[in-house]
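Participant: Here's a sequence, model it:
(2 chains)
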Amino acid sequence: MQTILDIIFSVVLGLHLLMILVAAWHTWTGENSAVRLAGLDLASTLTTAVLVIVGIISGNSLFLDVAIVTALLGYLATVTIAKFISDQKVF
Amino acid sequence: METVQQIIAIVLLVLGTFLSLVGVIGFIRLPDVYTRLHATGKVSVFGLVFLLIAASILTPLTAWKGILLIFFVLLGSPAISHSIASAAYKAGVPLVNTKRDDLKSKLERGSGKDV
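Facilitator: This next block holds a predicted model:
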């Protein structure tokens, strides 16, 4: 049972890291800033997901606190950049 | 821990990963930013929430953290998608092969060059 768990955990973690690379690649080479912002938002969500998975693997729930902070910061950053894109000023 | 909880958590984990994989593939293949936001919305809602349910099942003592994060993610994800889409529309990003644009006459749009 334990080896099956390790295999599943490593596959899930590898897939999520691969997805973060894809999102980061699209954040880097998006054709306009809205696509880049969508890629950034996807990367931050997937980072939160990786934190939750590491929390599941290691068993202690400290990673869930970090995931909460990452989710909130990602939300704030995305909304601020979106405001900057639409109006060319933030405040 | 009895294996019933672990099996449910593993099934949720795999399902969440599969759904976020579908979301990222959608993000790659879809033509413009408005359709891509459908894909990123799926990733953050379905992928993350299933992972958090699995995490709450596997660490039952601190399940309230998972539930708190589920609440934040379900609250924030639509707001994020809406803000990106309205920012892109206001900035003038062109819609790819669209048949109808209800907002065309009502909202003044940017040139889309400086985006």
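Participant: State the next helix or strand along the chain beyond the worst-scoring helix or strand of chain B on mean pLDDT.
Facilitator: Each helix and strand of chain B was given a mean pLDDT (mean pLDDT, DSSP states H and E); the minimum falls on helix B:33-42 at a mean of 88. Moving toward the C-terminus from helix B:33-42, the first helix or strand encountered (DSSP states H and E) is helix B:48-58.
Participant: Point to the residue nearest the middle of chain B.
Facilitator: Central residue check for chain B by Cα atoms, centre = their mean: the C-alpha nearest the mean position is that of residue B:41, 2.0 Å away.
Participant: My read is that that residue contacts residue B:82, right?
Facilitator: No: using Cβ atoms under 8 Å as the test, residue B:41 is too far from residue B:82 to be in contact (9.7 Å). C-beta coordinates here come from the backbone N, C-alpha and C atoms, glycine included.
Participant: about what we covered before: ok, and does the least confident helix or strand of chain B reach over to chain A?
Facilitator: Yes: using Cβ under 8 Å from any Cβ of the partner chain, helix B:33-42 reaches chain A at B:33, B:36, B:37, B:40.
Participant: need the contact list for the closest residue to the first one other than its chain neighbours.
Facilitator: Excluding the flanking residues, the one nearest residue B:33 by Cβ to Cβ, 6 or more residues apart in numbering or on different chains is residue A:34, at 4.2 Å. Neighbour list for residue A:34: A:85, B:33, B:84, B:87, B:88, B:91, B:93, B:115 [criterion: Cβ atoms under 8 Å, 6 or more residues apart in numbering or on different chains].
Participant: which residues sit in contact with the second one?
Facilitator: Going back to what we said before, that points to residue B:33. Residues in contact with residue B:33 (Cβ under 8 Å, 6+ apart) are A:32, A:34, A:35, A:38, B:84, B:85, B:88, B:93.
Participant: Repeat the analysis, applying 6 Å as the threshold.
Facilitator: Listed by Cβ atoms under 6 Å, 6 or more residues apart in numbering or on different chains, the contact set of residue B:33 reads A:34, A:35, A:38, B:88, B:93.
Participant: before we move on, back to that, now do the same contact list for the residue nearest to the centre of chain B.
Facilitator: Neighbouring residues of residue B:41 by Cβ under 6 Å, 6+ apart: residue B:81.
Participant: how near is it to residue B:65?
Facilitator: Distance of residue B:41 to residue B:65, given as Cβ to Cβ, to the nearest Å: 23 Å.
Participant: What lies in contact with stretch B:25-32?
Facilitator: Contact partners of stretch B:25-32, identified using Cβ under 6 Å, 6+ apart, comprise A:42, B:36, B:39, B:40, B:96.
Participant: interface residues of chain B facing chain A?
Facilitator: B:10, B:13, B:17, B:24, B:27, B:33, B:36-37, B:40, B:43-44, B:47-48, B:51-52, B:55, B:58-59, B:62, B:65, B:69, B:72-73, B:76, B:80, B:83-84, B:87-88, B:90-91, B:93, B:115 (Cβ under 6 Å from any Cβ of the partner chain).
Participant: Turn the residues of helix B:33-42 next to chain A into TSV, columns for distance to residue A:11.
Facilitator: Listed next are the residues of helix B:33-42 next to chain A as TSV, based on distance: Cβ to Cβ, whole Å:
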residue	distance to residue A:11
B:33	31
B:36	26
B:37	28
B:40	23
